[in-house]
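Engineer: Structure here, sequence nowhere to be found:
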């Protein structure tokens, strides 16, 4: 039963920092972050976000990619009571600038690899956000104009925020933008209440434990990434951020990190099948294999099931506006092929979260 004290997206990270501080919350390459380290870092950065906004910030951009800044920047925004707005340096600058202008962020967290594109993004914005540079010192940041910059030294020296600004169920947890394929990208706000209902319903279904290890295959501008990050953190598990190159042959990564929950778009699995590397029994650690974002071909489901024989394979579907996924279909190796439509696995029935909300 969710209470007012844990309605906040990200509450699980803070809870598990207290009850199992040394357990790993996040793996980036060979670097592991414990729950205590991740929560303390998020609280430090949140303290400066609140100070810079002279109170609770409304929205915080996260211009970073598969880095400490990208994941803990999200956690810091939530600790500060703000909605996080993920941004991607691989998107065209004009598109990202449009997102920034529309979101009207109070601050933006930027990692070192994304920093070279920041000046161009800030140019012409009617209101300049405060810039947080967790892994760069101001002297190495280059010319950023008249924006206020809080660098790595500032963030490391900050006192962790103890009293977090309260949030209500109808407050926005994150703002994601559509692809803009039919025009300018449009922001889709998702509330704490909506995503909390999604997480609670999915925990009833998947029963994650602190022993689970989840992949993070999605960019954070894709709402499916919210599942990996917060299903892990809400339940004391570990989320493992995969480098895109590792998706071409993920088997050693899965074995090395003892991954139990896989989540990706079906095309990742389809490419592995076509290359002939999706061989039976090659993914023995998996207990859940989840796919969403595209049609799941029957042949891909069959090959994946054989490669992950101890895993339950499910196909999910849902637009961003309905909070990540709203339908699900469980693949049955025996009866599943006969139920396919146009040789694709069905998208299934509404989830409990969709029915409840």
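Structural biologist: Here it is on my side, so go on. Treat the numbers as computed from the prediction; the structure is a model and nothing was measured.

Engineer: Distance-wise, check the closest residue to residue 102 other than its chain neighbours relative to residue 352.
Structural biologist: Using CB to CB, 6 or more residues apart in numbering and skipping residues adjacent in sequence, the residue nearest residue 102 is residue 187, 5.6 Å away. Heads up, the C-betas are built off the backbone N, CA and C, glycines and all. Using CB to CB, to the nearest Å, one obtains 27 Å as the distance from residue 187 to residue 352.

Engineer: And residue 39, by the same measure?
Structural biologist: Distance check for residue 39 against residue 352: by CB to CB, it reads 29 Å.

Engineer: These two: who's more crowded?
Structural biologist: Regarding residue 39 and residue 352, a neighbour count based on other CB atoms under 10 Å identifies residue 39 as having more, with 25 against 15.

Engineer: In contact with the more buried one, which residues?
Structural biologist: For residue 39, the contact set (CB atoms under 8 Å, 6 or more residues apart in numbering) comprises 13, 14, 17, 25, 75.

Engineer: Surely the fourth one is in contact with residue 13?
Structural biologist: Same thing as residue 25. Yes - between residue 25 and residue 13 there is a contact at 6.5 Å, judged by CB atoms under 8 Å.

Engineer: Neighbours of residue 275, how many?
Structural biologist: Residues near residue 275, counting by other CB under 10 Å: 10.

Engineer: How about residue 204?
Structural biologist: Residue 204: 11 neighbours (other CB under 10 Å).

Engineer: Tell me if it really is in a strand.
Structural biologist: No - applying DSSP: H, G, I helix; E, B strand; the rest coil, one finds residue 204 to be helix, outside a strand.

Engineer: Show me this structure divided up by domain.
Structural biologist: 35-167, 192-356 (automatic domain parsing).

Engineer: Dump the ones you listed to a markdown table, plus distance to residue 9 and mean pLDDT.
Structural biologist: Output for the domains of the chain, formatted as a markdown table (distance: least, CB to CB, whole Å; pLDDT from 0 to 100):
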| stretch | distance to residue 9 | mean pLDDT |
| --- | --- | --- |
| domain 35-167 | 6 | 95 |
| domain 192-356 | 5 | 95 |
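
Engineer: Indicate which one of those is closest to residue 178.
Structural biologist: domain 192-356 (7.0 Å; CB to CB).

Engineer: chain center to the closest one, what's the gap?
Structural biologist: Distance of domain 192-356 from its chain centroid, counting by CA atoms, centre = their mean, to the nearest Å, is 14 Å.

Engineer: can you check stretch 34-44 too?
Structural biologist: For stretch 34-44, the distance to the chain centre is 17 Å (CA atoms, centre = their mean).

Engineer: go on, stretch 173-192?
Structural biologist: That offset, for stretch 173-192, works out to 15 Å (CA atoms, centre = their mean).

Engineer: Would you mark the buried spots in it?
Structural biologist: Buried residues in stretch 173-192, counted by 16 or more other CB atoms under 10 Å: 173, 174, 175, 176, 177, 185, 187, 188, 189, 190, 191, 192.

Engineer: May I see those arranged in JSON lines, with distance to residue 219 as well?
Structural biologist: Below are the buried residues of stretch 173-192 laid out as JSON lines (distance: CB to CB, whole Å):
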{"residue": "173", "distance to residue 219": "18"}
{"residue": "174", "distance to residue 219": "14"}
{"residue": "175", "distance to residue 219": "15"}
{"residue": "176", "distance to residue 219": "11"}
{"residue": "177", "distance to residue 219": "12"}
{"residue": "185", "distance to residue 219": "14"}
{"residue": "187", "distance to residue 219": "17"}
{"residue": "188", "distance to residue 219": "16"}
{"residue": "189", "distance to residue 219": "19"}
{"residue": "190", "distance to residue 219": "17"}
{"residue": "191", "distance to residue 219": "22"}
{"residue": "192", "distance to residue 219": "22"}
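
Engineer: Pull up the overlap in contacts between residue 25 and residue 13.
Structural biologist: Residues touching both residue 25 and residue 13 by CB under 8 Å, 6+ apart: 35, 38, 39, 233.

Engineer: between the residues you listed, which is nearest residue 321?
Structural biologist: residue 233 (23.7 Å).

Engineer: can you tell me the helix or strand for that closest one?
Structural biologist: Per DSSP states H and E: residue 233 is located in helix 224-234.

Engineer: For that helix, name the packing helices and strands.
Structural biologist: helix 11-19, helix 192-206, strand 213-216, strand 238-241, strand 261-264 (3 or more CB pairs under 8 Å, 6 or more residues apart in numbering; DSSP states H and E).

Engineer: can you list the residues that contact the third one?
Structural biologist: Think strand 213-216. 66, 208, 225, 228-229, 231-232, 237-242, 250, 254, 257-264.

Engineer: How many neighbouring residues does residue 52 have?
Structural biologist: Residues near residue 52, counting by other CB under 10 Å: 19.

Engineer: The one 3 residues further on now?
Structural biologist: Other residues near residue 55 come to 12 when the count uses other CB under 10 Å.

Engineer: coming back round to it: make CSV from the buried residues of stretch 173-192 and add secondary structure and distance to residue 270 to it.
Structural biologist: Shown next, in CSV, are these (DSSP: H, G, I helix; E, B strand; the rest coil; distance: CB to CB, whole Å):
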residue, secondary structure, distance to residue 270
173, strand, 32
174, strand, 29
175, strand, 31
176, strand, 25
177, strand, 27
185, coil, 27
187, strand, 31
188, strand, 27
189, strand, 32
190, strand, 29
191, strand, 34
192, helix, 35
